[in-house]
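Trainee: need coordinates for the below:
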Amino acid sequence: MSAEGLTRLYGPEMEDNAPALYEKLRAEHGGVAPVLVQGDVPAWLVLGYRENLDVTRNPTRFTRDSRLWREAHEGRVAIDNPLLPITMWQPMCAFLDGEEAKRLRSAVTDSMKRMDRRGVRRYVTRYANQLIDEFASAGHADLVADFAGILPMLVSTKLLGMADSEGPRLLDAARDMVKASETAIASNAFIIDTLRALVAEKKRKPGDDFASWLIGHESQLSDDELAEHLRLVLIASYSTTANLIANTLHMVLTDKRFRGNLAGGHMTLPDALEQVLWDAPPFTAVYGRWATGDTELAGHHIKEGDMLVLGLAAGNTDPAIRPDMSAPVHGNRSHLAFSGGPHECPGQDIGRAIADTGIDALLARLPDLRLAVDEDKVRWRTSLLSRDLVALPVAFTPLDPAVVGDAGRVAHHTEPSAQQSRLPVPVPDAAAPARTGRQSWWQSVLRWIRGA
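Mentor: Got it, this is the predicted structure:
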């Protein structure tokens, strides 16, 4: 595949308006388009819904084993290419197919099944209320920096069996890695080193946590396999859930379809989450799949060793399956947000539970939550894997400091019903006083996370 004249999946055009770029490529090439990824490496972007399913469901034609990547074999992928942390072959189920992949994936899925869903929701409620306590008396907040961007990492590190103090540095490293920054490789190494230390600790002193269950699984994962699978779970759960929370809150606050339905009381929070998974999936793309031999896809000749990028966001908006984008999709889980086939995300229900419970806790305590800026002032950042909100500034009626903190957590520490929770209808703006409140250990952790 010649690189001449190909569209880049990075840079200004992608960052300014990714959806428009997807539609331009669809109009020019159909369900699959030749593109350039980081380092001007040729690849194929899968745009069509059916084509995405074809690729994900046929591992004998399109494998997850990146050792087949021809461009890498022929020396056209630099050793500092930011794609390497997410494409370089590693000893884990996400980079294998067949029996070995089943062995490794079963260790992950069986360990996830041991998680107590009520326990997960209790952790989420606890951490969500601790975060809310920090801004509840101020009357204003940034729901990306102060809530959505922090909550999933706090919950994930707890579920893995790590101390609360591990969260801040892992959060910084995870954010850096998924942005494909110049320091992404160093951030990836820090995460791996931290998880290797966790494996060693849990081998000495097992606990009632995901890391210990993974270590004790009958599949008998090696230390390398354990660290890589813990990394996979940590990064995937953090990245997808943080985006899902932020995107759902954004749509609740800005989308007229939600306001109309909410006014009539017909939309549950799970309905809202599912709509977001269609319209603004947490991962917009997945790198990648590799052709196991010369083949055809959507009329294009794919050569052995070519890389394919799954266009999850593009597939979800394919006119062939969604001719009317304004039509609601409540109850329809056939979106591509969690990929598909044998590598479909095994933790999607846990991610939904974290997002659902966290948002429910936020809206229950701040029922008049509203956007604090004009909708067109909300900014987005397109990264390697996702389209992220830069900030989501909101205002609300401040809570009395007397009911914030331990008293507030006791008053609001009830487990929400994922099926019956309703979202509040936004109300007109009110003046927001300056931030006030106590200086606590929790605030020092938050300052660390935000780099203050």
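Trainee: going forward, measure contacts and count neighbours with C-alpha atoms only.
Mentor: OK.
Trainee: nearest spatial neighbour of the most centrally placed residue in the chain, chain-adjacent residues omitted?
Mentor: Taking C-alpha atoms, centre = their mean as the criterion, residue 240 is the residue nearest the geometric centre of the chain, at 1.1 Å. Nearest residue to residue 240 in three dimensions, chain neighbours excluded: residue 282, at 4.8 Å (C-alpha to C-alpha, 6 or more residues apart in numbering).
Trainee: surely the one you found meets residue 248?
Mentor: No. Contact criterion C-alpha atoms under 8 Å: residue 282 and residue 248 do not qualify, at 10.2 Å.
Trainee: more neighbours, those two?
Mentor: Applying other C-alpha atoms under 10 Å to residue 282 and residue 248 shows that residue 282 carries more neighbours, namely 27 against 23.
Trainee: quick one: residues contacting that one.
Mentor: 239, 240, 241, 242, 243, 244, 247, 337, 386, 387 (C-alpha atoms under 8 Å, 6 or more residues apart in numbering).
Trainee: 6 Å - rerun?
Mentor: Counting by C-alpha atoms under 6 Å, 6 or more residues apart in numbering, residue 282 touches 240, 243, 244.
Trainee: buried ones in the helix or strand hosting the residue nearest to the centre of the chain?
Mentor: If you go by DSSP states H and E, residue 240 is part of helix 223-254. By neighbour count on 16 or more other C-alpha atoms under 10 Å, the buried set for helix 223-254 is 225-254.
Trainee: C-terminal to the helix or strand hosting residue 71, what's the next element?
Mentor: Element membership for residue 71, per DSSP H and E: helix 70-73. Later in the chain than helix 70-73, the nearest helix or strand by DSSP H and E is helix 84-87.
Trainee: please save the CA atoms from the next helix or strand after that next one in CSV.
Mentor: Proceeding N to C from helix 84-87, the next assigned helix or strand is helix 99-113, under DSSP H and E. What follows is helix 99-113, C-alpha atoms only, in CSV (Å, rounded to 0.1, in the frame of the first residue of the first chain):
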residue,chain,number,x,y,z
GLU,A,99,-6.5,-22.1,22.3
GLU,A,100,-3.8,-20.0,24.0
ALA,A,101,-6.1,-17.0,23.9
LYS,A,102,-8.9,-19.0,25.4
ARG,A,103,-6.6,-20.2,28.2
LEU,A,104,-5.6,-16.6,29.1
ARG,A,105,-9.0,-15.0,28.6
SER,A,106,-10.7,-17.6,30.8
ALA,A,107,-8.4,-16.5,33.7
VAL,A,108,-9.6,-12.9,33.2
THR,A,109,-13.3,-13.7,32.8
ASP,A,110,-13.4,-16.3,35.6
SER,A,111,-11.7,-13.8,38.0
MET,A,112,-14.1,-11.1,36.9
LYS,A,113,-17.1,-13.3,37.7
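Trainee: distance from helix 99-113 to the middle of the chain?
Mentor: Chain-centre distance of helix 99-113: 21 Å, with C-alpha atoms, centre = their mean, to the nearest Å.
Trainee: average pLDDT across it?
Mentor: The average pLDDT for helix 99-113 rounds to 94.
Trainee: contacts for that helix?
Mentor: Taking C-alpha under 6 Å, 6+ apart as the rule, helix 99-113 contacts 93, 213, 214, 217.
Trainee: now the angle from it to helix 223-254?
Mentor: Between helix 99-113 and helix 223-254, the angle comes out at 60 degrees (axes from the mean of the first three to the mean of the last three C-alpha atoms, to 10 degrees).
Trainee: give the buried residues for helix 99-113.
Mentor: 101, 102, 103, 104, 105, 106, 107, 108, 111, 112.
Trainee: closest to residue 5 among those residues?
Mentor: residue 101 (37.5 Å; C-alpha to C-alpha).
Trainee: quickly note the distance from that closest one to residue 95.
Mentor: 8 Å (C-alpha to C-alpha, to the nearest Å).
Trainee: do residue 60 as well
Mentor: Following C-alpha to C-alpha, the distance that separates residue 60 from residue 95 is 13 Å.
Trainee: give me the more crowded residue out of the two.
Mentor: Neighbour totals were compared for residue 60 and residue 95, and residue 95 leads with 20 against 13 (other C-alpha under 10 Å).
Trainee: tell me the confidence at that one?
Mentor: pLDDT, read off for residue 95, is 93.
Trainee: the residue nearest to residue 240 belongs to a helix, doesn't it?
Mentor: No. Counting by DSSP: H, G, I helix; E, B strand; the rest coil, residue 282 is located in no helix; its state is coil.
Trainee: can you map out the strands along the stretch 301-450 of the chain?
Mentor: 307-310, 370-371, 380-382, 387-389, 393-395 (DSSP state E, counting those that start in this stretch).
Trainee: hmm, back to that, quick check: the farthest pair among the contacts of helix 99-113?
Mentor: Most distant of the contacts of helix 99-113, by C-alpha to C-alpha, are 93 and 213, 16.7 Å apart.
Trainee: for the stretch 51-200 of the chain, give me the ranges with low pLDDT.
Mentor: Scanning the stretch 51-200 of the chain for pLDDT under 70 picks out 178-180.
Trainee: kindly recompute the last result at 90.
Mentor: Scanning the stretch 51-200 of the chain for pLDDT under 90 picks out 79-86, 88, 90-92, 117-119, 163-189.
Trainee: what's opposite residue 42 in the beta bridge?
Mentor: Here residue 42 shows beta-bridge partners residue 36, assigned using DSSP bridges.
Trainee: what about it, how many residues close to it?
Mentor: With neighbours defined by other C-alpha under 10 Å, the count for residue 42 comes to 23.
Trainee: quick one: it and residue 36 touch, right?
Mentor: Yes. Counting by C-alpha atoms under 6 Å, residue 42 does reach residue 36; the two are 4.5 Å apart.
Trainee: might one say that residue 394 is in contact with residue 373?
Mentor: No. Contact criterion C-alpha under 6 Å: residue 394 and residue 373 do not qualify, at 7.6 Å.
Trainee: give me the more crowded residue out of those two.
Mentor: residue 394 (19 against 13).
Trainee: residue 162 versus the more buried one, what's the distance?
Mentor: In terms of C-alpha to C-alpha, residue 394 sits 32 Å off from residue 162.
Trainee: and what of residue 20?
Mentor: Residue 20 is 42 Å from residue 162, by C-alpha to C-alpha.
Trainee: same question for residue 115.
Mentor: For residue 115, the distance to residue 162 - C-alpha to C-alpha - is 15 Å.
Trainee: if you count surrounding residues, which of the two has more?
Mentor: For the pair residue 115 and residue 162, the greater number of neighbours falls to residue 162 (21 against 16), based on other C-alpha under 10 Å.
Trainee: leaving out the residues flanking it, which one is nearest to the more buried one?
Mentor: Excluding the flanking residues, the one nearest residue 162 by C-alpha to C-alpha, 6+ apart is residue 198, at 7.3 Å.
Trainee: likewise residue 146?
Mentor: Per C-alpha to C-alpha, 6+ apart, closest to residue 146 is residue 131, 6.9 Å.
Trainee: am I right that the one you found is in a helix?
Mentor: Yes. Counting by three-state DSSP, residue 131 is found in a helix.
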